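A.B. asks: kindly generate the corresponding structure for this input.
(one chain, ligands or ions: 3)
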Amino acid sequence: MTTKFHSVKPILDNKLKQVYIETYGCQMNVNDSEVVLSVLQPAGYSICEKIQEASLILVNTCSIRDNAEQKIWARIEQFRPLKKRNKSLKVGILGCMAERLKEKLLDNGVVDIVAGPDSYRKLPSLIEALSGGDKQINTMLSQEETYADISPVRMDKNGVSAFIAIMRGCNNFCSYCVVPYVRGRERSRNPQSIVNEAKELFESGYKEVTLLGQNVNSYLWDKEVTFAKLLEMVAGISPQLRVRFSTSHPKDMDDSVLHTIAANSNICRHIHLPVQSGSDAVLKRMNRKYTREEYLARVEKIRQIVPECTLSTDMIAGFSGETEDDHKETLSIMEQVGYYTSFMFQYSERPDTKAAEKYPDNIPHEIKNRRLNEIIELQNRLSLISNEQDVGKEFEVLVEGTSKRSAGELFGRTSQNKVCVFPAGDYKVGDYVKVKVTSCSSATLKGVTV
Ligand code: SAH
Ligand code: SF4
Ligand code: F3S
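C.D. replies: Numbers count the residues shown, from 1 in each chain. Ligands and ions are numbered 1, 2, ... in the order given. Alright, predicted model coming up:
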């Protein structure tokens, strides 16, 4: 899953208490912020656009790398003067950092509430209890919580594409990763509640849903409903509803999912299949549970069963003990697979993970940085090659909005998840449009409607 800052669309209602929500981290957090709003609305809160108008600021946080946490610490400091000016203003820290750092977040005197990812149902009572004067904290991870019965209030901007969490937590314990510690054990959500949510979204105008989980391929309900089955159920809602999913773990991606994709044209032809490294020695220390060869065999199967599918990946540069040869293997696997895009990171040691315990963070910063830059440069080249192969071809694009560069153009995505820009004509957001690609950059396809 991608990690970035997400802004939210305001719902203004002056009679209600105003809450300002900021979301950092992956799509799971975006979805969780929507769950939070659904929990708060019946308690008399509505979202506000301006932080100055808020009586409650909530920050949904990410712990995946040290710089993600540093950003949030700096943000918390910016609330200090706001609280001086407005004595009744309260600040709550939600999400992964809340779970990881717990009461440490209260020490700076700015934060009033700390609530981990499985405790959002308790938010109204935590806020209520603040009037007693004590700071509130709840970070108990749960074995069951899936928020299955909560219909998240959609905060996304385009009204076309929405996230649906199909599971929570992670059991994989990749040695570098904090997620299993801050999100708890893996649990799948009742498939009927997922299908109902997707149906409701489609009926209210949405055209695309992305099924979310840290490892969607290990989705399992009642020993019977597998991820392939779930995909089929969601795809069956309507051929006009596109279905995406993220993230697939290479060790669990089996052929049944590929056959389901091949049999349903509305399941998008894109798989995010993070490899992390191309070196077997590094993959082993990362506890990824596949070899380079096994990964490439998966890719080969994808090419056979869903030939028009694009692939993307996540890459970590400079993991403990990574040699120059290991790094070269990373570059060579990227080249071999030909990813159309990648999310690329320098290794950041996370306290209390297996890697922090067993493998020293021993690659100097300059080397990590140089390797990351080589990975980025290569990816730019691969993205351009991948896009150039699409010039002259036709794709169905689902329109998401007006192009940032020119009001006369719309942008959307192909089934392969590539962004495509074309002249607006009479088309509007939410339409499916046939576009012939006429040119490209490494980031975008440009085309004309046909
Ligand atoms: N569950 C998803 C990934 C979630 S985290 C999966 O397994 O693919 C998103 C990405 O962050 C990971 O794929 C990894 O590339 C990166 N990441 C996780 N922990 C990291 C760390 N300690 N340092 C650098 N990158 C990390
Ligand atoms: Fe982290 Fe690995 Fe789980 Fe992904 S699969 S969230 S990288 S532990
Ligand atoms: Fe997501 Fe960051 Fe948590 S990537 S699961 S918000 S640690």
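A.B. asks: name the nearest residue to P239, ignoring sequence neighbours.
C.D. replies: Leaving aside its chain neighbours, P239 sits nearest to N266 (5.2 Å; criterion: CB to CB, 6 or more residues apart in numbering). All C-beta spots, glycine's among them, are computed from the backbone N, C-alpha and C.
A.B. asks: same question, V399
C.D. replies: Sequence neighbours aside, G412 is the residue nearest to V399 in space, at 4.2 Å (criterion: CB to CB, 6+ apart).
A.B. asks: pull up the pairing partners for the helix or strand bottoming out on mean pLDDT in the chain, direction included.
C.D. replies: Every helix and strand of the chain was ranked by mean pLDDT, DSSP states H and E. The lowest is strand 45-47, at a mean of 91. Using DSSP bridges, the strands paired with strand 45-47 are strand 17-23 (parallel).
A.B. asks: buried residues in the strand it pairs with?
C.D. replies: Neighbour-count burial for strand 17-23, counted by 16 or more other CB atoms under 10 Å, picks out 18-23.
A.B. asks: which among the residues you listed gets closest to K90?
C.D. replies: Using CB to CB, V19 is the member of the buried residues of strand 17-23 that sits closest to K90, with 9.5 Å.
A.B. asks: pretty sure the closest one contacts E49?
C.D. replies: No. At 11.3 Å, V19 does not count as touching E49 under the criterion of CB atoms under 8 Å.
A.B. asks: you'd agree the residue nearest to P239 is up against R244?
C.D. replies: No. If you go by CB under 8 Å, N266 and R244 don't touch, sitting 10.1 Å apart.
A.B. asks: I'd like the distance between the spatially closest residue to C48 that is not a sequence neighbour and I51.
C.D. replies: Excluding the flanking residues, the one nearest C48 by CB to CB, 6+ apart is Q18, at 3.8 Å. From Q18 across to I51, the span is 10 Å (CB to CB, to the nearest Å).
A.B. asks: can the strand or helix carrying K83 be said to contact ligand 2?
C.D. replies: Assigned by DSSP states H and E, K83 falls within helix 66-85. No. Legend: contact between helix 66-85 and ligand 2 by CB under 6 Å from any ligand atom is lacking; minimum distance shown is 13.6 Å.
A.B. asks: I'd like the next helix or strand past that helix.
C.D. replies: The helix or strand immediately downstream of helix 66-85 is strand 90-95, counting by DSSP H and E.
A.B. asks: so which elements touch that next one?
C.D. replies: helix 27-40, strand 56-61, helix 66-85, strand 113-115, helix 123-130 (3 or more CB pairs under 8 Å, 6 or more residues apart in numbering; DSSP states H and E).
A.B. asks: partner strands of that strand and their direction?
C.D. replies: Take DSSP bridges as the rule and strand 90-95 pairs in its sheet with strand 56-61 (parallel), strand 113-115 (parallel).
A.B. asks: now render those strands as CSV, adding mean neighbour count.
C.D. replies: Output for those, formatted as CSV (neighbours: other CB atoms under 10 Å):
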stretch, mean neighbour count
strand 56-61, 26
strand 113-115, 25
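A.B. asks: to L211, which of these lies closest?
C.D. replies: For the strands paired with strand 90-95, the distance to L211 is smallest for strand 56-61, at 20.1 Å, taking CB to CB.
A.B. asks: tell me the angle the closest one makes with helix 123-130.
C.D. replies: Counting by axes from the mean of the first three to the mean of the last three CA atoms, to 10 degrees, strand 56-61 lies at 130 degrees to helix 123-130.
A.B. asks: now strand 56-61 and helix 66-85, what's the angle there?
C.D. replies: 170 degrees.
A.B. asks: tell me the mean pLDDT for strand 56-61?
C.D. replies: For strand 56-61, mean pLDDT is 97.
A.B. asks: which residues touch it?
C.D. replies: 17-25, 29, 32-33, 36, 45, 51, 68-69, 72, 75-76, 79, 82, 89-98, 127 (CB atoms under 8 Å, 6 or more residues apart in numbering).
A.B. asks: how far away is the residue nearest to P239 from V306?
C.D. replies: On the measure of CB to CB, N266 and V306 end up 13 Å apart.
A.B. asks: confidence score at G133?
C.D. replies: 85.
A.B. asks: what about it, how many neighbours?
C.D. replies: 6 (other CB atoms under 10 Å).
A.B. asks: pull out the buried positions in stretch 165-182.
C.D. replies: Applying 16+ other CB under 10 Å to stretch 165-182 flags 165-170, 172, 174-182 as buried.
A.B. asks: so which of those belong to helices?
C.D. replies: 179-182 (DSSP state H).
A.B. asks: could you tell me which residues of this structure lie near ligand 2?
C.D. replies: So the chain meets ligand 2 at 170, 172-174, 177, 179-180, 214-215, 249 (CB under 6 Å from any ligand atom).
A.B. asks: which parts of the stretch 301-450 of the chain are helices?
C.D. replies: For the stretch 301-450 of the chain, the helices defined by DSSP state H, counting those that start in this stretch occupy 324-337, 354-358, 365-388.
A.B. asks: can you put the ones you listed in a markdown table and add mean pLDDT and distance to ligand 1?
C.D. replies: Below are the helices of the stretch 301-450 of the chain laid out as a markdown table (pLDDT from 0 to 100; distance: least, CB to the nearest ligand atom, whole Å):
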| stretch | mean pLDDT | distance to ligand 1 |
| --- | --- | --- |
| helix 324-337 | 98 | 12 |
| helix 354-358 | 98 | 7 |
| helix 365-388 | 98 | 10 |
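A.B. asks: could you dump those helices to TSV with mean neighbour count?
C.D. replies: Formatted as TSV, these follow (neighbours: other CB under 10 Å):
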stretch	mean neighbour count
helix 324-337	17
helix 354-358	15
helix 365-388	16
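A.B. asks: which one of these lies nearest to S55?
C.D. replies: Closest to S55 of the helices of the stretch 301-450 of the chain is helix 354-358 (CB to CB; 39.0 Å).
A.B. asks: identify all contacting residues around that closest one.
C.D. replies: Helix 354-358 has contacts (CB under 8 Å, 6+ apart) with 173, 175-176, 285-287, 319-320, 349-350, 361.
A.B. asks: try it again at 7 Å.
C.D. replies: Contact with helix 354-358 is made by 173, 175-176, 287, 320, 349-350, as judged by CB atoms under 7 Å, 6 or more residues apart in numbering.
A.B. asks: so G447 versus ligand 3, what's the distance?
C.D. replies: Going from G447 to ligand 3 by CB to the nearest ligand atom, to the nearest Å gives 33 Å.
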